[in-house]
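Visitor: I'd like to go over a predicted model; first the sequence, then the structure.
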Amino acid sequence: MRVPLGILRSVARRREVYTYQGYALKTINTELDMIAFQLANFIERQGYEACPIPANAPRDPLFR
């Protein structure tokens, strides 16, 4: 997955943070969720069990 260079440069320059957050939190995470779902289905077709974990899943601070 390719993130547009303009977004990466704006983060490096500390400008347009909203653009990155809006893009990353919506577009990139949605794409990562689809990849995780497809990968879980592939693993299960191989005879194993799999559970896709969302890209922005809440983290349990007690689980390390």
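Guide: Cool, got the structure. Keep in mind the model is a prediction, meaning the values are calculated, not measured.
Visitor: pLDDT score for N41?
Guide: pLDDT recorded at N41 is 97.
Visitor: ok, residues contacting whichever strand or helix holds it?
Guide: In this assignment (DSSP states H and E), N41 forms part of helix 29-45. The contact list for helix 29-45, computed with CB atoms under 8 Å, 6 or more residues apart in numbering, reads 1, 49-56. C-beta coordinates here come from the backbone N, C-alpha and C atoms, glycine included.
Visitor: Could you save the residues you listed as CSV and add columns showing pLDDT and secondary structure?
Guide: Below are the contacts of helix 29-45 laid out as CSV (pLDDT from 0 to 100; DSSP: H, G, I helix; E, B strand; the rest coil):
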residue, pLDDT, secondary structure
M1, 68, coil
E49, 97, coil
A50, 96, coil
C51, 93, coil
P52, 93, coil
I53, 89, coil
P54, 88, coil
A55, 86, coil
N56, 80, coil
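Visitor: For PyMOL, write the select line for the buried members of those residues.
Guide: Command for PyMOL that selects the buried part of these, burial taken from 16 or more other CB atoms under 10 Å:
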select buried, resi 52+55
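Visitor: Quick check: phi and psi at the residue in the chain sticking out farthest from the centre.
Guide: No residue in the chain sits farther from the centre than G47, which is 25.6 Å out by CA atoms, centre = their mean. Backbone torsions of G47, given as degrees, to the nearest 10, read phi 100, psi 10.
Visitor: Make 856 the starting number, not 1.
Guide: That works, and once the first residue is 856, the last one we named lands at G902.
Visitor: Could you check how far it is from L894?
Guide: To L894, G902 is 15 Å away according to CB to CB, to the nearest Å.
Visitor: lowest average confidence, helix or strand, in the chain?
Guide: Sorted by mean pLDDT, DSSP states H and E, the helices and strands of the chain end with helix 872-877, the least confident at a mean of 65.
Visitor: which two in the contacts of helix 884-900 are spaced the farthest apart?
Guide: Distance extremes for these: the farthest pair is M856 and E904 at 25.9 Å, using CB to CB.
Visitor: how close does the residue nearest the centre of the chain get to P909?
Guide: In the chain, the residue lying closest to the centroid (CA atoms, centre = their mean) is N884, at 3.4 Å. Computed as CB to CB, the N884 to P909 distance reads 8 Å.
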